[in-house]
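Colleague: Prediction below, plus the sequence it came from.
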Amino acid sequence: MKAIRVHEFGDAGVLRYDDIPVPEPGNGEVRIKIEAAGLNFIDTYHRMGWYPLPRPLILGQEGAGVVDAVGAGVTDVKPGDRVAYCMRQGSYAEYAVVPAATVVPVPAGVTTQQAAAVMLQGMTAHYLTHSTYPLQTGDTALIHAAAGGTGALIVQMAKMRGARVLGTVGTDEKAALAKEAGADETIIYTQTDFEAEVKRLTDGKGVNVVYDSVGKDTFMKSLNCLRPRGYMVLFGQASGRVEPIDPQLLNQKGSLFLTRPSLGAYILSREELLQRSGDLFNWMAAGKLDVRIDKTFPLQEAAEAHRYLEGRNTKGKVLLIP
């Protein structure tokens with residue numbers, strides 16, 4: 001089969017389109033013929049060695065397709081089932097083998113590409129808004145990169161929960177997309193200082209929570225946007241790693257909370273995985289959640305897809321199609 005592999009860490013140019021054997025499912029595993037693989041910023045971190053994994057490494061933590069083989073002991077999934085999964089390495093390939101316990105069924109009202117597009121980013125948006133800081137009616141949230149794949153989903157779910165949403169974006173076009181997703185106010189950070197604008201829009205009170213996937217470029221100003229006892233939720237580092245801070249700073253800025261969550265800690269059981277993914281699929285089938293697929297690339301053009309993602313060009317989800 002064909003697969004995109006990393007043999008040495010580096011920029012997008014290190015991605016190789018390799019021929020390797022088709023993997024066989026072992027005990028408790030299923031093999032999926034991948035129809036769509038989702039791109040996520042964590043893939044670029046793995047490619048660059050920020051989160052180093054053994055090489056040669058097949059990239060990709062999210063995919064959807066059709067089960068074509070099952071290993072011993074698998075009873076809940078059978079060949080022919082449409083399924084999706086995330087948080088398992090190796091979706092940039094024509095086939096992937098994953099534990100049966102990690103796959104979720106894709107209902108008839110959701111396409112395979114939609115399922116691949118929503119698993120990681122959608123469940124991330126779900127746990128951020130429903131669990132990490134469970135938004136309530138009357139809360140105000142600042143969402144960075146509000147027109148991106150994850151950002152637009154966080155905006156939609158924040159509005160479902162009754163929050164007021166302030167979203168930062170880089171262009172007028174992305175401001176329109178964030179508004180379309182439901183943002184009450186958009187701040188174009190290339191034109192306006194977002195910290196000053198947040199303070200203006202909140203009459204100096206600040207926001208209850210900041211959902212920040214940008215990292216280095218936004219972190220310190222984001223802390224300044226929080227009201228006393230506010231939550232700083234740092235869940236990504238698209239602009240680079242945040243410098244270490246003295247915890248005393250959280251005291252000085254108003255007894256703030258700081259968390260650096262990741263999806264794995266919020267799908268600890270199969271029950272939780274099915275609950276979060278089930279909510280997403282139900283909302284999508286009912287037309288309550290819009291999952292915007294921005295662009296698809298053939299599998300062999302993975303390097304170009306990475307450059308597109310890293311160039312901050314995305315206006316929704318990017319997929320690789322084997």
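Modeller: Right, received. Where do you want to start?
Colleague: Work out for me the element residue 309 sits within.
Modeller: Per DSSP states H and E: residue 309 is located in helix 302-310.
Colleague: to the chain's geometric centre, what's the distance from that helix?
Modeller: Relative to its chain's centre, helix 302-310 lies at 16 Å (Cα atoms, centre = their mean, to the nearest Å).
Colleague: helices and strands around it, which ones?
Modeller: Under the contact criterion of 3 or more Cβ pairs under 8 Å, 6 or more residues apart in numbering; DSSP states H and E, helix 302-310 touches strand 15-19, helix 41-48, strand 293-298, strand 317-321. (Each C-beta comes from the backbone N, C-alpha and C, glycine too.)
Colleague: Torsion angles phi and psi at the nearest residue to residue 114 once chain neighbours are set aside?
Modeller: Ranked by Cβ to Cβ, 6 or more residues apart in numbering and with sequence neighbours excluded, the top spatial neighbour of residue 114 is residue 291, at 5.4 Å. Residue 291 has phi and psi values of phi -100, psi 110 when expressed as degrees, to the nearest 10.
Colleague: just to revisit the earlier point, CA atoms of the helix holding residue 309 as PDB?
Modeller: C-alpha atoms of helix 302-310 as PDB (Å, rounded to 0.1, in the frame of the first residue of the first chain):
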ATOM      1  CA  ALA A 302       0.700  15.500   1.800                       C
ATOM      2  CA  ALA A 303       3.600  17.900   1.800                       C
ATOM      3  CA  GLU A 304       1.600  20.600  -0.100                       C
ATOM      4  CA  ALA A 305      -1.300  20.000   2.400                       C
ATOM      5  CA  HIS A 306       1.100  20.600   5.300                       C
ATOM      6  CA  ARG A 307       2.400  23.800   3.800                       C
ATOM      7  CA  TYR A 308      -1.200  25.000   3.300                       C
ATOM      8  CA  LEU A 309      -2.100  24.200   6.900                       C
ATOM      9  CA  GLU A 310       1.100  25.900   8.300                       C
END
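Colleague: in it, what counts as buried?
Modeller: 302-303, 305-306, 308-310 (16 or more other Cβ atoms under 10 Å).
Colleague: and the residue nearest to residue 114, what does it touch?
Modeller: 114, 117-118, 122, 153, 284, 316-317 (Cβ atoms under 8 Å, 6 or more residues apart in numbering).
Colleague: same question, residue 27
Modeller: Residue 27 neighbours (Cβ under 8 Å, 6+ apart): 71-73.
Colleague: Can you tell me which of the residues you listed are buried?
Modeller: Judged by 16+ other Cβ under 10 Å, buried ones among these: residue 71.
Colleague: Return the member of the contacts of residue 27 nearest to residue 80.
Modeller: In terms of Cβ to Cβ, no member of these lies closer to residue 80 than residue 71, at 15.9 Å.
Colleague: and the closest residue in space to the closest one that isn't next to it in sequence, how many residues sit next to it?
Modeller: Nearest residue to residue 71, sequence neighbours excluded (Cβ to Cβ, 6+ apart): residue 25, at 3.7 Å. Residue 25: 21 surrounding residues under other Cβ atoms under 10 Å.
Colleague: Repeat that for the one 10 residues further on.
Modeller: When neighbours are counted by other Cβ under 10 Å, residue 35 registers 20.
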